[in-house]
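Q: Have a look at this prediction, sequence included:
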Amino acid sequence: MRSCSAAMFTDHSEDPLDAIIIGAGPAGLTAAIYLTRFRRLCIVLHADDSRAGHIPLAKNIPGFPDGISGNDLLHQLVRQAERYGVPARRTEVAEVEKVGGTFACRSGEGEEIRARTILMATGSLDLGPDIAGLPDATNTGVFRICPVCDGYEVQGRSVAIVGEPDHALDEARFLLDVGARVTVLGDAFEDGFHHEAHRLGIGVCDNVIDIEMQSDRVTVVRDDAKLSFDHLYPAYGCIPRSELGAGLGLLRSDSGHIRTDEHQRTSVPGIWAAGDVVESLSQIAVAFGQAAIAATSMHNALRADDERRLSSPRCFDEIARPVNHGGHDGDKGKSG
Ligand SMILES: Cc1cc2nc3c(=O)[nH]c(=O)nc-3n(C[C@H](O)[C@H](O)[C@H](O)COP(=O)(O)OP(=O)(O)OC[C@H]3O[C@@H](n4cnc5c(N)ncnc54)[C@H](O)[C@@H]3O)c2cc1C
């Protein structure tokens, strides 16, 4: 993507863009491709740390029968966005503020850019155990994050899960269904947990003192024995990167995910959200789909605003309908 200088970043402040996309992961880049192909003026602001960059080889993304690494996928998305001249700027957005009928995004360095709409595509952060060697073990596939993504690859293999007991049991059930031999690790579990795990055919290993990652194995150390597993999954969940939305009053779930309607509109008119930051399945295919829906809805809303401005000048928030999270007919009847 065309990277912008600081001057470009600030120059737009007098003349708002159609959209600012915050995030350059699968969601943000997909939305950028859609919006520029709709001939909308937009910019991508990103901190250059997409979760997808940690994927050694994703095999569940439709269209890639041999799998694709996260970095290769991001590279292809950037190449596609570049074809349409999408400008991008590497910066951490520190604040988004509503100013009249537009939104102002400010970086930590005090630079500002304004647009009529915002897409929050800021993703989420993984919570994990504090174990040495995790980055290498992630690359080799010994440490895995996401059973939905790669549970298929561990069928028939021995898998350990470490994390919050209830979450660990959910992941264990999922991995059991795809044919893995699963053991949940921990310090001490209640009797009810042992009983439920036993009923389901899930192993329990308590009194764990240490977990050691090797390039091809995981060794679990107890005071009386060492156990060896093919893979380790964490079960601590993710933290959505939705803090920018807090200041804007975006409705968020208890877990901090941004709530949207079926057009990816948030509770604040003019702001959409897509991908892992939204309450949904954290998957690239979902990020693609939500971004396509969001971009089309943004374009339709901008067009409606353009038409109304031509007939009677009014600001965007007067015409953007508030989100009804109980279901509404928003953009029905329009393409996408
Ligand atoms: C190890 C691992 C393996 C995975 N395997 C798979 C798999 O096989 N298949 C699959 O479908 N999914 C997989 N996933 C999940 C997948 O990576 C995510 O679902 C996907 O990246 C979500 O895309 P996104 O665009 O919503 O967020 P991200 O890709 O995380 O992108 C978020 C973007 O927002 C930017 N950002 C955040 N806050 C700010 C800010 N304040 N200012 C500026 N920029 C900001 C970041 O810099 C980044 O560019 C895996 C994840 C991990 C960690």
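A: Happy to help now that I have it.
Q: Write out the residues of the stretch 201-336 of the chain neighbouring the ligand.
A: Arg241, Leu244, Gly275, Asp276, Ser282, Gln283, Ile284, Ala285, Ala287 (C-beta under 6 Å from any ligand atom). Yep, even glycine has a C-beta here, placed from its N, CA and C like the rest.
Q: Mind checking the pLDDT average for the one helix or strand the last one maps to?
A: Which is Ala287. Element membership of Ala287, judged by DSSP states H and E, is helix 284-311. Per-residue pLDDT over helix 284-311 has a mean of 94.
Q: again with stretch 260-270
A: 97.
Q: Just give me the residue closest to the centre of the chain.
A: A centroid search over the chain (C-alpha atoms, centre = their mean) returns Asp276, at 2.4 Å, as the residue closest to the centre.
Q: For that residue, which residues are in contact?
A: Counting by C-beta atoms under 8 Å, 6 or more residues apart in numbering, Asp276 touches Gly25, Ala27, Arg51, Gly123, Ser124, Cys238, Pro240, Ser282, Ala287.
Q: Out of those residues, list just those in strands.
A: Ser124, Cys238, Pro240 (DSSP state E).
Q: May I ask which two of the contacts of Asp276 are separated the most?
A: Ala27 and Cys238 (14.4 Å; C-beta to C-beta).
Q: the more surrounded of these two?
A: It is Ala27, of Ala27 and Cys238, that has more neighbours when counted by other C-beta atoms under 10 Å, with 34 against 20.
Q: For that one, which non-adjacent residue is closest in space?
A: Gly275 (2.9 Å; C-beta to C-beta, 6 or more residues apart in numbering).
Q: so who does the one you found touch?
A: With contacts defined as C-beta under 8 Å, 6+ apart, Gly275 is in contact with Gly23, Gly25, Pro26, Ala27, Gly28, Ala121, Thr122, Gly123, Val286, Ala287, Gln290, Ala291.
Q: pLDDT score assigned to Gly245?
A: Reading off the model, Gly245 has pLDDT 85.
Q: in the stretch 1-150 of the chain, which ranges drop under the pLDDT threshold?
A: 1-14 (pLDDT under 70).
Q: Repeat the analysis, applying 80 as the threshold.
A: Within the stretch 1-150 of the chain, the ranges that satisfy pLDDT under 80 run 1-15.
Q: that older thread, select, from the residues of the stretch 201-336 of the chain next to the ligand, the two members most distant in space.
A: Maximum pairwise distance among these (C-beta to C-beta): 24.8 Å, between Leu244 and Ala285.
Q: Quick one: residues contacting Asp170.
A: Ala235.
Q: so how far is the ligand from it?
A: Distance of Asp170 to the ligand, computed by C-beta to the nearest ligand atom, to the nearest Å: 17 Å.
Q: Can you check the pLDDT for that residue?
A: Reported pLDDT for Asp170: 93.
Q: what about it, which SS state?
A: Of the three states, Asp170 takes helix according to DSSP: H, G, I helix; E, B strand; the rest coil.
Q: for Asp72, phi and psi?
A: Dihedral angles of Asp72 (phi, psi; degrees, to the nearest 10) stand at phi -60, psi -40.
Q: quick one: it from Asp66, how far?
A: Asp72 is 11 Å from Asp66, where distance means C-beta to C-beta, to the nearest Å.
Q: So if I had to pick from those two, which one is more boxed in?
A: In this view Asp72 and Asp66 are compared by other C-beta under 10 Å, and Asp72 has more residues nearby, 15 against 6.
Q: Tell me who's in contact with the residue nearest to Val178 when sequence neighbours are not counted.
A: Using C-beta to C-beta, 6+ apart and skipping residues adjacent in sequence, the residue nearest Val178 is Gly151, 4.2 Å away. Listed by C-beta under 8 Å, 6+ apart, the contact partners of Gly151 are Phe174, Leu175, Val178, Ala180.
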